[in-house]
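>>> Sequence and computational prediction follow.
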Amino acid sequence: MSAPAPGGFVPPPYPFDRLDGLRALATAHDGGVVDLSVGTPCDSPPEAVMAALADPVAARGYPPSVGTPALRRAAAGWMARRFGVEVDERAVATCVGTKELVAGLPTWLRLRWPQRDVVLHPAVAYPSYAMGATLAGAQAVPVPARSDGTSDLAALPEELWARALVLWVNSPANPTGRLDDLDRVVAEARARGVLVASDECYAEFVWTGEPATALRDGTRGVLAVHSLSKRSNMAGLRAGFYAGDEDLVAYLSELRKHAGFMVPGPVQAAMVAALEDDAHVELQRARYLERLEFLVSLLASHGYRCSLPDGAFYVWATKDGERAARVTGWDLAEELARSAGILASPGELYEAAPGWVRLAAVQPMDRLRLAGERMDGERPARVPPVV
Ligand SMILES: Cc1ncc(COP(=O)(O)O)c(C=O)c1O
């Protein structure tokens, strides 16, 4: 009874579980692996967050699935401060980290619009957009990028728009760090009657220009999705929220209440503390920028083609010149594991990016310097020879 029926769903290998072989190679270095694979923060959350977690009042009862009034107010207040947009706090609701929302949204939208069955997502992207389509029995369709990296909606055939449940945008983007033109994307999707879900989890880490939200021109037909995982180093607490179109937020939060999605009460209190403070974000921005600059210059001096991203905290790198056409992302990740003990993510994990590799700036400077010394040959690598 436990085997899947013919044609039954078998989950694909989880992307980061595919890195076990590379991890073994990198770990063989004296001093161990420098893990730059998962975008998981290595710095502490602010003290006020840790203090709020100890609140017994927040812990004893069931928390509101939609979020406490204080939390919805704090989220709306942060959006006003950060982006200059006014969002009614009733148009804000919590999620248990944003990944579950990304992966669940198409299923819930299909219940509302059963005649639609397509999820549009950036062509090079965080894999959960496509996985959300698969879990909903819908079709994931990649949206190509223009040469400037923004979404090319005009490239999609018209018949797809009538079938689209949602268009995902992600700016700054994982893994490329590119910024999208959110105002244009929202206007074009609205004209076609398709919901825009804007994953803005890296909005605090914009290095060229200003942070942006898709809610700048009103909330109609738009959901902005925000996470405290990256902004406030709270990935372990599973803290996120979505805000935007009032009808949709009401629908989703009602449905999620029935299904029992709840951010734990102490985590909600901690989210308030985090959202009301901007000083820790400034500190975090300086850390990421220093690490990114170090990694970009290290890789560039070893024949990689990369530059400081426009946003987010990933270095997206390929090889210079001719080699770029001949290598896979897996080759590049293996080279980094062997030469420097760096565990990086092959571009192939991001839907459609062979020949690229992603390095997350999530290790402190001393670990990055160690990787740099290994790469520069100052520390002999003790790894098995290539066979
Ligand atoms: C683009 C993007 N969206 C969403 C997430 C999910 O973050 P969380 O579930 O921690 O909020 C991530 C995590 O790396 C991400 O890179």
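Done, it's in. Just so it is clear, the structure is predicted and the values come from calculations on it, not from any experiment. Residues are numbered from 1 along each chain as shown.
>>> Give me the buried positions along stretch 173-186.
Applying a neighbour-count criterion of 16 or more other C-beta atoms under 10 Å, the buried positions in stretch 173-186 are 173, 174, 175, 176, 177, 178, 179, 180, 181, 182, 185, 186. Every residue, glycine included, has its C-beta placed from N, CA and C.
>>> end-to-end on that stretch?
16 Å (C-alpha to C-alpha, to the nearest Å).
>>> right, is it up against the ligand?
Yes: applying C-beta under 6 Å from any ligand atom, one finds stretch 173-186 touching the ligand at residue 174.
>>> what's the distance between that stretch and the middle of its chain?
Taking the mean of its C-alpha atoms, stretch 173-186 sits 12 Å from the chain's own mean (C-alpha atoms, centre = their mean, to the nearest Å).
>>> For the stretch 101-250 of the chain, what lies in contact range of the ligand?
The stretch 101-250 of the chain comes close to the ligand at residues 102, 126, 170, 174, 199, 201, 227, 229, 235, 240, as judged by C-beta under 6 Å from any ligand atom.
>>> Looking at the buried residues of stretch 173-186, spot the one nearest the ligand.
Checking the buried residues of stretch 173-186 against the ligand by C-beta to the nearest ligand atom gives residue 174 as the nearest, at 3.7 Å.
>>> From residue 99, how far off is the residue lying closest to the closest one once chain neighbours are set aside?
In this structure, residue 174 finds its nearest non-sequential neighbour in residue 126, 4.8 Å apart by C-beta to C-beta, 6 or more residues apart in numbering. Taking C-beta to C-beta, to the nearest Å as the measure, residue 126 and residue 99 are separated by 9 Å.
>>> Then residue 303?
Taking C-beta to C-beta as the measure, residue 303 and residue 99 are separated by 34 Å.
>>> Settle it for me: which of these two has more neighbours?
Neighbours were counted for residue 303 and for residue 99 using other C-beta atoms under 10 Å; residue 99 has more, 19 against 11.
>>> My read is that the more buried one contacts residue 131, right?
No: applying C-beta atoms under 8 Å as the test, residue 99 and residue 131 come out as separate, 9.5 Å apart.
>>> any idea how far stretch 238-255 is from the chain center?
How far stretch 238-255 lies from its chain's middle: 18 Å, per C-alpha atoms, centre = their mean.
>>> quick one: terminal-to-terminal distance for that stretch?
By C-alpha to C-alpha, one end of stretch 238-255 lies 19 Å from the other end.
>>> returning to what we had before: considering the residues of the stretch 101-250 of the chain next to the ligand, which possesses the most neighbours?
Tallying neighbours with other C-beta under 10 Å puts residue 199 at the head of those, with 29 neighbours.
>>> tell me the contacts of that residue?
Contact partners of residue 199, counting by C-beta atoms under 8 Å, 6 or more residues apart in numbering, are 98, 102, 126, 129, 168, 169, 170, 225.
>>> just those now: which is nearest residue 268?
The nearest member of these to residue 268, counting by C-beta to C-beta, is residue 98 at 15.2 Å.
>>> tell me the contacts of the closest one?
199, 201, 225, 226, 227, 229, 240, 242.
>>> And the third one, which helix or strand is it part of?
Element membership for residue 225 (DSSP states H and E) is strand 222-227.
>>> Starting from that strand, tell me which strands it pairs with and how they run.
Pairing partners of strand 222-227, with direction, according to DSSP bridges: strand 196-199 (parallel), strand 240-244 (antiparallel).
>>> nearest to residue 94, of those?
Proximity of these to residue 94 was assessed by C-beta to C-beta; the nearest stretch is strand 240-244, lying at 5.0 Å.
>>> Identify the residue spatially nearest to residue 285, adjacent ones excluded.
If you skip the residues right next to it in sequence, residue 285 has residue 205 as its closest partner in space, 6.3 Å away by C-beta to C-beta, 6+ apart.
>>> What number of residues are in the vicinity of residue 161?
Each residue near residue 161 was counted by other C-beta under 10 Å, and the total is 19.
>>> cool, residue 56 as well?
The criterion is other C-beta under 10 Å. On that basis, residue 56 has 8 neighbouring residues.
>>> Tell me, what's the model's pLDDT at it?
Residue 56 carries a pLDDT value of 93.
>>> OK, contacts around it?
Applying C-beta under 8 Å, 6+ apart to residue 56 gives no contacts.
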